[in-house]
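*Asks:* quick one: sequence plus predicted model below, questions after.
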Amino acid sequence: MSQIKFPKAVLWDMDGTLINSEPYWLLSESNLASDYGKSWTQEHGHELIGKSLYDSSAILKERLNIQDLSVQEVIDRLTNEVISKLQGALPWRPGALEALMMLRQAGVKTALVTMSMRRMALAVVDQIPFEAFDVVVAGDDVNLGKPHPEPYLKAAQLLGLEASDCVAIEDSVTGLRSAEAAGCIPVGVPNLMELPETGRRVILPSLVGLDLKWLESLA
């Protein structure tokens, strides 16, 4: 049983929120661009943060004029490279692992809600030294990715909860919009991009020191 009345669950984005994998994605995108004689800047990479891999890979395919790979093949190439970088040691965001452990010990339900492919999400989950999530919703588990609300609505449904009973933690505007549209309480933790504080959105400078009392105050 949970030690707190609210939230009934915390829903976590993965890339850039729990783990600092965004540099790996940018490197993979840059390598792809280089193979096609193009350049891919940090600014280009930032435009894709939070988007579904299907949308991101379609943008890459168009901008790099890739004719010999399908969108799915672009996804597979990027995902394979990033998984290879993550194997062995996860680059945790400050305070993220501690926050996850705190929630599990307190009996609060958790979900991983990522636009990465399920095989990558599970590659990360399998490296965590405790059972960190009740459910995982990945990019290939939904028809519409972030900023559409479907990913967060699906996570809440799988947990048997209303989205309004959940807090969603994100590092991108795209992800926050998805959480907001679903009806979750959105918490932004900036990483590579500034996050404006609007509406019910709460911005935290870091996950370090995140505690149950503060989460309960969001009700």
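*Replies:* That came through, no problem.

*Asks:* C-alpha only now, for contacts and for neighbours.
*Replies:* Fine.

*Asks:* and the longest helix anywhere in the chain, how far out from the chain middle?
*Replies:* Counting residues, the longest helix found in the chain (DSSP state H) is helix 71-86. Distance, stretch centre to chain centre, for helix 71-86: 16 Å (Cα atoms, centre = their mean, to the nearest Å).

*Asks:* please point out which parts of that helix sit buried.
*Replies:* V71, V74, I75, L78, T79, E81, V82, I83, K85, L86 (16 or more other Cα atoms under 10 Å).

*Asks:* so can I have JSON lines of these showing distance to Q3?
*Replies:* JSON lines is the format used below for these (distance: Cα to Cα, whole Å):
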{"residue": "V71", "distance to Q3": "45"}
{"residue": "V74", "distance to Q3": "44"}
{"residue": "I75", "distance to Q3": "40"}
{"residue": "L78", "distance to Q3": "40"}
{"residue": "T79", "distance to Q3": "37"}
{"residue": "E81", "distance to Q3": "40"}
{"residue": "V82", "distance to Q3": "36"}
{"residue": "I83", "distance to Q3": "35"}
{"residue": "K85", "distance to Q3": "37"}
{"residue": "L86", "distance to Q3": "33"}
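
*Asks:* now these as CSV including distance to L48 and pLDDT?
*Replies:* Below are the buried residues of helix 71-86 laid out as CSV (distance: Cα to Cα, whole Å; pLDDT from 0 to 100):
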residue, distance to L48, pLDDT
V71, 15, 95
V74, 14, 95
I75, 13, 92
L78, 13, 94
T79, 14, 93
E81, 17, 93
V82, 15, 92
I83, 18, 92
K85, 19, 91
L86, 20, 91
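
*Asks:* what helices and strands are in contact with the lowest-mean-pLDDT helix or strand in the chain?
*Replies:* Least confident helix or strand of the chain, by mean pLDDT, DSSP states H and E, is helix 42-48 with a mean of 87. For helix 42-48, the packing partners by 3 or more Cα pairs under 8 Å, 6 or more residues apart in numbering; DSSP states H and E come out as helix 22-35.

*Asks:* can you pull the contacts of the most far-flung residue of the chain relative to its centre?
*Replies:* Within the chain, G37 marks the point farthest from the mean C-alpha position, 30.1 Å out by Cα atoms, centre = their mean. If you count contacts by Cα atoms under 8 Å, 6 or more residues apart in numbering, G37 has none.

*Asks:* and it, what's its pLDDT?
*Replies:* Here the pLDDT value assigned to G37 is 93.

*Asks:* P23 now?
*Replies:* You'll see P23 listed with a pLDDT of 89.

*Asks:* likewise for the one 3 residues further on?
*Replies:* Predicted confidence (pLDDT) at L26: the value is 91.

*Asks:* for it, which non-adjacent residue is spatially closest?
*Replies:* Spatial nearest neighbour of L26, chain neighbours left out: G45 (5.7 Å); criterion: Cα to Cα, 6 or more residues apart in numbering.

*Asks:* and for the one you found, the neighbour number?
*Replies:* Neighbour count for G45, taken as other Cα atoms under 10 Å: 18.

*Asks:* that older thread, quick one: the longest helix of the chain to helix 22-35, angle?
*Replies:* When axes from the mean of the first three to the mean of the last three Cα atoms, to 10 degrees is applied, the directions of helix 71-86 and helix 22-35 differ by 130 degrees.
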